[in-house]
Structure formats: structure tokens, C-alpha cells
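Asker: Prediction below, plus the sequence it came from.
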Amino acid sequence: MSTAHATIFKEEIDNTVRKLLKYRSPDRFIFNIVTDTHLFPDDRQSMARFEHSIENLCAVSAAVRPNCIFHLGDMLWWNPQVDNPTYWNEERTAGTLNYARSEFLSCNKNTFFVPGNHDGAGASEPNPSVWSRQMVDLHESSVTHHSGVGYYFVDFKEYKLRAVILMSCFKTPDGVHYGYFKDQLLWLCREALQVPKGYQILLFAHMTPVGPTVGRFHNADLFCELMTAFSTRTVFRSADFSHDFKNAEGSVSAMFVGHGHVDWSEKFSCLPCRVIETACNLLHVPQFGKWPIPENGEPRPRAYGTVTEDLWDTAVLNMKTGQLDIVRFGSGADRHFNIFN
């Protein structure tokens with residue numbers, strides 16, 4: 001850690017560790033949330049900021065020892081100043097993803113990656129099998145994933161907790177890029193939501209089927225109907241298949257997402273869990289009127305060379321009470337919810 005970097009972030013590291021250690025106990029599940037890193041290798045300032053962010057994440061992790069990290073997508077960035085989409089050819093895409101993956105794994109070997117809509121060649125939606133091979137298969141010993149595509153789940157048995165990673169942005173032959181498609185809905189019914197009694201389920205995705213992205217989202221209504229059927233222990237029906245959740249166990253407690261570049265949270269009547277968005281790790285300040293910001297969305301002030309250049313969360317979930325305390329590092333405020341109610 002450089003002297004300049006240590007000077008800027010030392011107090012923030014110390015304060016974050018102090019708060020998190022107060023929360024730490026055997027019945028609390030602790031995980032980092034990072035999203036929308038948007039790496040652009042030719043931007044030296046942006047890449048240096050990412051290195052600072054990794055150093056901060058590693059410093060806090062060494063003291064707090066979180067269970068895992070979830071990166072919620074958009075590791076890569078299409079820079080509008082570079083009007084040649086072939087910049088993100090397959091080689092540069094793979095190389096940048098490999099670099100980012102290794103940096104996160106240096107902080108926590110249990111880092112789980114969610115595909116975003118910029119994470120494929122051409123900085124567009126990723127190919128499911130390529131993404132799975134590069135970003136999921138490294139965890140074969142601890143992850144159950146579906147036939148080499150990018151959605152999977154991981155169980156933390158000591159906490160009676162399942163984390164379900166969804167693929168909401170990927171290329172399809174018919175050109176639909178956003179949504180949860182039939183095979184993933186079927187997988188949710190038959191595999192991902194089949195948990196033992198007493199389990200809590202957390203969902204992690206890049207985009208949410210409710211809120212500001214709903215108009216662009218394939219099968220948004222079906223996804224919400226499926227989750228409602230699971231929650232109410234009733235039958236889910238679609239034109240292609242049905243599933244009876246009468247004997248289902250467990251509860252879906254929250255859905256964590258990125259994509260919108262703002263802090264935002266809401267409970268929806270059509271979706272039986274709280275949706276929680278984390279603002280972007282990239283130094284970007286969305287502006288109302290120029291960016292699709294929900295009414296209760298909060299853009300965060302950012303500036304290079306200050307603590308606000310960094311932004312990521314550490315979430316602490318009390319598995320007995322459902323209290324979720326989200327501690328912000330960098331720009332923004334801590335947030336507190338009860339997600340079992």
C-alpha cells in the first residue's frame with residue numbers, strides 16, 4: 001500500500017473494521033458486496049482506483065474475515081469515447097476478467113461472480129457457457145451450477161443459508177438479452193429453491209425484475225409469480241411447465257442487485273422479498289434526468305484522491321433475527337433492514 005493511499009484510507013479502514021467487529025458473532029453471516037466495477041484497461045486513473053479498492057477490501061477482510069464476496073456484475077466497461085466495440089475482443093475480455101478475478105480471490109478465495117450486461121466480448125451480454133467456464137468453474141468443489149451456464153448456487157450449511165446466483169443478462173439466438181429464461185425458471189423450481197427445512201435463501205443478480213428495469217426484462221411477471229408461489233406454498237404455472245411448491249421448505253429473504261449505479265431498496269407486493277441495490281464501485285455519479293434513477297435512489301458523491309473514490313459494502317446478517325446491517329466503505333451511508341419480516 002503506497003504512503004499516499006494509506007493516508008487517504010487509513011481512517012476509513014479503521015472505522016469500518018471497528019464497526020464490523022462489533023457485529024461479529026457465530027450466528028452472523030458476513031459477506032462483501034461489490035458491483036459495477038467497470039474496468040477499462042486503457043484508463044490508468046480508473047485502474048489505479050480499482051487497485052486501491054482491492055487493497056481496501058483486502059485490509060478490511062484480513063481483520064473481519066467475511067465468509068465470502070459477491071460481485072454483482074459489470075466487471076467490464078464500454079467507454080463511449082471509444083466508438084469501436086471491437087475493443088472488447090475475446091482476448092481482451094478474457095484477460096481483463098482473469099485479472100479482476102485473481103484480484104478478488106486474493107482478498108477472499110470464496111468470491112462469487114454474477115454476470116452483468118457488459119461482461120461479454122464487445123462489452124455486451126456474456127455468452128453463458130464462456131462465462132461459466134471462466135468465472136464459475138473455478139469453484140467446482142463448492143458450487144452447484146447448471147450444465148455449464150452462468151447461474152448456480154452455493155450452500156453455507158453452518159448458517160442454513162443458500163446463495164443463488166442468477167444470470168439476468170446474456171445473449172440468446174432471438175436477441176433478447178435481459179431476463180430469466182425458461183430453463184433458468186425451471187432450474188429454480190427443481191433445484192435452486194429445493195432447500196432443507198429452516199434454510200434462508202438470498203438471491204444475487206445484476207438486474208432486478210421489478211423497479212426501474214422491469215420494462216426491459218423478459219419473464220419479469222413469471223419470475224415474480226414463481227417466487228410468490230414458492231413463498232405461499234402454492235402451484236406455479238406457466239405456458240411451458242408448472243411446479244407444486246406445497247411441500248417446499250425455506251424462505252427467500254432478499255435479492256441483491258447492481259446495474260443502476262445508485263443505492264436503492266424497496267419491497268414490492270409482487271415479489272416476496274426485499275430488493276437491495278448497491279451503488280457502483282466505478283467512480284461514477286449518475287444524474288437525475290440523464291440516468292434512470294428510482295425516486296428513492298441515492299447517487300453518491302465521488303472524487304478521485306478522496307475516500308469517496310471507493311464504494312463497496314460489507315453485509316452482516318443475523319441468522320436468528322433477520323437483522324441485516326450493511327456497512328459502507330467509501331462514499332455513502334450504512335443501511336439497516338430486517339429481511340425476515
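Answerer: Received, thanks. Numbering: from 1, shown residues only.
Asker: I'd like to know how many residues surround Q287.
Answerer: 8 (other C-beta atoms under 10 Å). C-beta here means a position set from N, CA and C on the backbone, and glycine is covered the same way.
Asker: Could you list the low-pLDDT ranges of the protein?
Answerer: 1-6, 79-85, 138-142, 146-147, 212-215 (pLDDT under 70).
Asker: In this structure, what residue spans correspond to helices?
Answerer: 3-23, 44-64, 90-107, 128-131, 182-187, 220-232 (DSSP state H).
Asker: residues of the third one that come out buried?
Answerer: For helix 90-107, the buried set under the neighbour-count rule, 16 or more other C-beta atoms under 10 Å, comprises R92, T93, T96, L97, A100, R101, E103, F104, C107.
Asker: Select, from the residues you listed, the two members most distant in space.
Answerer: Between any two of the buried residues of helix 90-107, the greatest separation by C-beta to C-beta is 23.7 Å, found for R92 and C107.
Asker: mind listing what the residue nearest the centre of the chain touches?
Answerer: The geometric centre of the chain, computed from its C-alpha atoms, lies nearest to L72 (C-alpha atoms, centre = their mean), at 2.4 Å. Contacts for L72 (C-beta atoms under 8 Å, 6 or more residues apart in numbering) come out as 33-36, 114, 116, 204-206, 256-259, 278.
Asker: could you list every residue that touches the nearest residue to N89 once chain neighbours are set aside?
Answerer: Excluding the flanking residues, the one nearest N89 by C-beta to C-beta, 6 or more residues apart in numbering is A121, at 6.3 Å. Neighbouring residues of A121 by C-beta under 8 Å, 6+ apart: W88, N89, E90, T93, N127.
Asker: what about the second one, neighbour count?
Answerer: A total of 12 residues lie near N89 under the criterion other C-beta under 10 Å.
Asker: Look up how far E277 lies from it.
Answerer: 31 Å (C-beta to C-beta, to the nearest Å).
Asker: and the buried residues of helix 90-107 as TSV, adding distance to A229?
Answerer: Shown next, in TSV, are the buried residues of helix 90-107 (distance: C-beta to C-beta, whole Å):
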residue	distance to A229
R92	43
T93	38
T96	40
L97	36
A100	37
R101	36
E103	40
F104	35
C107	38
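Asker: And those residues, which is closest to R28?
Answerer: When those are compared against R28 (criterion: C-beta to C-beta), the nearest one is C107, at 19.4 Å.
Asker: I'd say that closest one and V64 touch.
Answerer: No. C107 lies out of contact with V64 (C-beta atoms under 8 Å); the separation is 11.1 Å.
Asker: In space, what's closest to K246 - neighbours in sequence excluded?
Answerer: R233 (5.5 Å).
Asker: got the phi/psi numbers for that neighbour?
Answerer: phi 60, psi 50 (degrees, to the nearest 10).
Asker: Neighbours of it, how many?
Answerer: Other residues close to R233 by other C-beta under 10 Å number 12.
Asker: mind listing what it touches?
Answerer: F245, K246, N247, A248.
Asker: okay if I get these as a markdown table plus neighbour count and distance to E191?
Answerer: A markdown table is the format used below for these (neighbours: other C-beta atoms under 10 Å; distance: C-beta to C-beta, whole Å):
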| residue | neighbour count | distance to E191 |
| --- | --- | --- |
| F245 | 19 | 13 |
| K246 | 9 | 18 |
| N247 | 6 | 15 |
| A248 | 19 | 12 |
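Asker: R328: which of those residues is nearest?
Answerer: For the contacts of R233, the nearest to R328 is A248 (34.5 Å; C-beta to C-beta).
Asker: Pull up the gap between the closest one and N219, please.
Answerer: Distance, A248 to N219, by C-beta to C-beta: 20 Å.
Asker: Identify the spatial nearest neighbour of G305, chain neighbours not counted.
Answerer: In space, and not counting its chain neighbours, G305 is closest to I8: 6.9 Å by C-beta to C-beta, 6+ apart.
Asker: And G179, how close does it get to T306?
Answerer: Relative to T306, and taking C-beta to C-beta, G179 is found at 38 Å.
Asker: Who has more neighbours out of these two?
Answerer: G179 (22 against 13).
Asker: wait, isn't the more buried one in contact with L222?
Answerer: No. If you go by C-beta under 8 Å, G179 and L222 don't touch, sitting 9.1 Å apart.
Asker: and which of the buried residues of helix 90-107 is nearest to V252?
Answerer: Looking across the buried residues of helix 90-107 and measuring by C-beta to C-beta, the closest to V252 is F104, at 25.7 Å.
Asker: Ignoring the adjacent residues along the chain, who's closest to the closest one?
Answerer: T111 (4.3 Å).
Asker: contacting residues around the one you found?
Answerer: If you count contacts by C-beta under 8 Å, 6+ apart, then T111 has C68, I69, F70, H71, R101, F104, L105 around it.
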